[in-house]
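Trainee: Got a predicted structure plus its sequence, pasted below:
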Amino acid sequence: MKERESLGSRLGFILLSAGCAIGIGNVWRFPYITGKYGGGFFVLIYLAFLILMGIPIITMEYSVGRASRKSILPAFRALEPKGSKWHVWGYFAMAGNFVILMFYSVVSGWILYYTYLMARGEFFGKNTDEIKAVYDNMMASPRILIVSMMLVMIMTTVVCAMGLQSSVESVSKVLMIALLLLMVVLGIRSLTLPGASKGLSFYLKPSAANMKEAGIWNTVYAALNQSFFTLSIGQGGMLIYGSYIGKERSLPGEATIVAALDTFVAIVAGMIVFPACFAYGISPDSGPSLIFLTLPRVFASMPGGRIWGTLFFIFLFFAAESTMIGVFENDVSFFIDLRGFSRKKAALLCGVIIAAGSIPCALGFNMWKAFQPLRAGNSVMDLEDFFVSNICLPVGSFIFTLFCSQKYGWGLDNYFTEVNTGRGLRFSRKMSFYFKYVLPFIVGFLAFYGIFTYFK
């Protein structure tokens, strides 16, 4: 049997895991909902849930990966009790890993294209309507969307085909370190703009009025939801990196560092966005409109905005590409483990499948715009995002909590033994009641409540 590849350093493991978790949602969603739901109050509630839920579930994925030394489907098969069918979830998880890249590659293509436009000075001298026209023209063009997506897929496939340590780990290190440095530079620049303090106050100053206006329950649920989804847990993305490491370090400490990096990026993203928007009297928004409509207006108004705007979109592309590589590596490992393919063959096959599967998503904004699944106004991307965000991630996390905590799964004894092996922070076995009953209840609630509220 061929010996499994491994990562070359602890830093590589942490940055790869963080890269998988950190994505464009940290930039276009977290800052906006923080301001909307009470600023500092929301951040405190979010951090509490991150500690109570996010970190434990990351360690569960890490533990299953490290104990089995396999990707998600064969990992469950290796650790599950004889005759049980936990491994069946592996097929859904891998489907989710492919589907998420089928729309994430398209969005990453948007960012790559905007990096080019910003560097060329396309937005300068344009008013709001003209900037919106640039975005509308991009979305209406199958050629732009597909070519941009293909460029992203070629980069991702090449990186993952060249080797784990020599390419995936080394490239991810460079991307993540550059991303963090760019964030600090952009954050400092944004905070020094005239009137930036108003944006920072709106963003992080605790606001009971905002929280009350949004609703206490809505604030708590939004924080719970954000702490759950920010780490991309449930589909085996963290499991695969757990399978590449040794047992020198215990896993709670590693998970805490990854969660801290993810949170750092999310919070600093808001320190870039809000001061800049308030400095130029532009109302911040969330989602694609923030990135592709609001921020180009900000940079177009800013002295040296062409440079700062280009740096911002480079940072954003690094965040997107680090996620692409992180999830793509999971798909590659799946074919290596399950079919015995070489890394190059597995990467090429995954690249072809995902690139071909991304085309309907790109066409959903133009030629296939009439196809509106699930509900009016939806696109192909919305359907894919629903499958991943409302089914694969929450249901997958629920399955991980049950598998690691219940005697009819892998069980708490095996989980505690694995998670606490090595030097560093450990979980006390006195937490058994929480892991066995409370955590599965909370995650199960999120999984099924999220599906219910989507259609409601």
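Mentor: Cool, the structure landed. Predicted, not measured: the structure shown is a model, and the values here were computed from it. Residues are numbered from 1 along each chain as shown.
Trainee: how deep is residue 359 tucked in, by neighbour count?
Mentor: 18 (other C-beta atoms under 10 Å). Backbone N, C-alpha and C define where each C-beta goes, glycine included.
Trainee: Repeat that for the one 5 residues further on.
Mentor: Residue 364 has 25 neighbouring residues, counting by other C-beta under 10 Å.
Trainee: Repeat that for residue 174.
Mentor: Neighbour tally, residue 174, other C-beta under 10 Å: 12.
Trainee: now the strand or helix carrying it: mean pLDDT?
Mentor: Using DSSP states H and E, residue 174 falls within helix 170-191. The average pLDDT for helix 170-191 rounds to 91.
Trainee: Point out the other helices and strands that it packs with.
Mentor: Here helix 170-191 touches helix 10-21, helix 251-279, helix 305-339, going by 3 or more C-beta pairs under 8 Å, 6 or more residues apart in numbering; DSSP states H and E.
Trainee: Mind doing that once more with 10 Å?
Mentor: helix 10-21, helix 142-161, helix 196-204, helix 251-279, helix 305-339 (3 or more C-beta pairs under 10 Å, 6 or more residues apart in numbering; DSSP states H and E).
Trainee: Same list, these, but as a markdown table with mean neighbour count, distance to residue 129 and mean pLDDT please.
Mentor: Listed next are these as a markdown table, based on neighbours: other C-beta atoms under 10 Å; distance: least, C-beta to C-beta, whole Å; pLDDT from 0 to 100:
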| stretch | mean neighbour count | distance to residue 129 | mean pLDDT |
| --- | --- | --- | --- |
| helix 10-21 | 24 | 37 | 90 |
| helix 142-161 | 20 | 20 | 97 |
| helix 196-204 | 19 | 24 | 87 |
| helix 251-279 | 23 | 19 | 91 |
| helix 305-339 | 23 | 19 | 92 |
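Trainee: thinking again about what came up before, what about the helix holding residue 174, distance to the chain center?
Mentor: Per C-alpha atoms, centre = their mean, to the nearest Å, the displacement of helix 170-191 from the mean C-alpha position of its chain is 17 Å.
Trainee: Tell me the buried residues in that helix?
Mentor: 170-173, 175-176, 179-180, 182-183, 186-187, 189-191 (16 or more other C-beta atoms under 10 Å).
Trainee: how about CSV for the helices and strands packed on helix 170-191, with distance to residue 57 added?
Mentor: As requested, the helices and strands packed on helix 170-191 are exported to CSV (distance: least, C-beta to C-beta, whole Å):
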stretch, distance to residue 57
helix 10-21, 12
helix 142-161, 25
helix 196-204, 27
helix 251-279, 9
helix 305-339, 16
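Trainee: Out of these, flag the one nearest residue 31.
Mentor: helix 251-279 (3.1 Å; C-beta to C-beta).
Trainee: ok, and what's touching the very next helix or strand once past the closest one?
Mentor: Downstream of helix 251-279, the next assigned helix or strand under DSSP H and E is helix 288-289. Defining contact as C-beta atoms under 10 Å, 6 or more residues apart in numbering, one finds that helix 288-289 is touched by 24, 28, 107, 110, 132, 135, 139, 294, 295.
Trainee: Closest one to residue 427 out of these, please.
Mentor: residue 24 (31.6 Å).
Trainee: Residue 150 and residue 308: what is the separation?
Mentor: 28 Å (C-beta to C-beta, to the nearest Å).
Trainee: quick one on the thing from earlier: closest one to residue 91 among the helices and strands packed on helix 170-191?
Mentor: helix 305-339 (10.0 Å).
Trainee: show me the contacts for residue 299.
Mentor: Per C-beta under 10 Å, 6+ apart, neighbours of residue 299: 118, 123-124, 276, 280, 305-313.
Trainee: Export those to CSV and append columns for distance to residue 40.
Mentor: Output for the contacts of residue 299, formatted as CSV (distance: C-beta to C-beta, whole Å):
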residue, distance to residue 40
118, 32
123, 33
124, 35
276, 20
280, 24
305, 29
306, 34
307, 32
308, 27
309, 29
310, 32
311, 28
312, 25
313, 29
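Trainee: Could you pull out the strands in the stretch 301-450 of the chain for me?
Mentor: Counting by DSSP state E, counting those that start in this stretch, the stretch 301-450 of the chain has no strands at all.
Trainee: Widest-spaced pair of the contacts of helix 288-289?
Mentor: Of all pairs in the contacts of helix 288-289, the most separated under C-beta to C-beta is 24 and 132 at 19.8 Å.
Trainee: With neighbour numbers in mind, choose between the two.
Mentor: residue 24 (21 against 16).
Trainee: what about the chain, any weak spots by pLDDT?
Mentor: 1-3, 286, 456 (pLDDT under 70).
Trainee: Which residue is the nearest non-sequential neighbour of residue 220?
Mentor: Leaving aside its chain neighbours, residue 220 sits nearest to residue 45 (6.2 Å; criterion: C-beta to C-beta, 6 or more residues apart in numbering).
Trainee: Same check on residue 226?
Mentor: Closest to residue 226 by C-beta to C-beta, 6+ apart is residue 46, at 5.6 Å.
Trainee: does the one you found count as helix, strand or coil?
Mentor: helix (DSSP: H, G, I helix; E, B strand; the rest coil).
Trainee: Could you do residue 32 as well?
Mentor: Residue 32 ends up helix, using three-state DSSP.
Trainee: right, and residue 163 touches residue 7 too?
Mentor: No. Residue 163 lies out of contact with residue 7 (C-beta atoms under 10 Å); the separation is 11.3 Å.
Trainee: Compare these two and say which is more crowded by neighbours.
Mentor: Comparing residue 163 with residue 7 by other C-beta under 10 Å, the one with more neighbours is residue 7, at 21 against 14.
Trainee: List the residues that contact the more buried one.
Mentor: Residue 7 neighbours (C-beta under 10 Å, 6+ apart): 13-16, 164-165, 168-169, 172, 241, 243-246.
Trainee: Let me know the distance separating it from residue 158.
Mentor: Counting by C-beta to C-beta, the gap from residue 7 to residue 158 is 19 Å.
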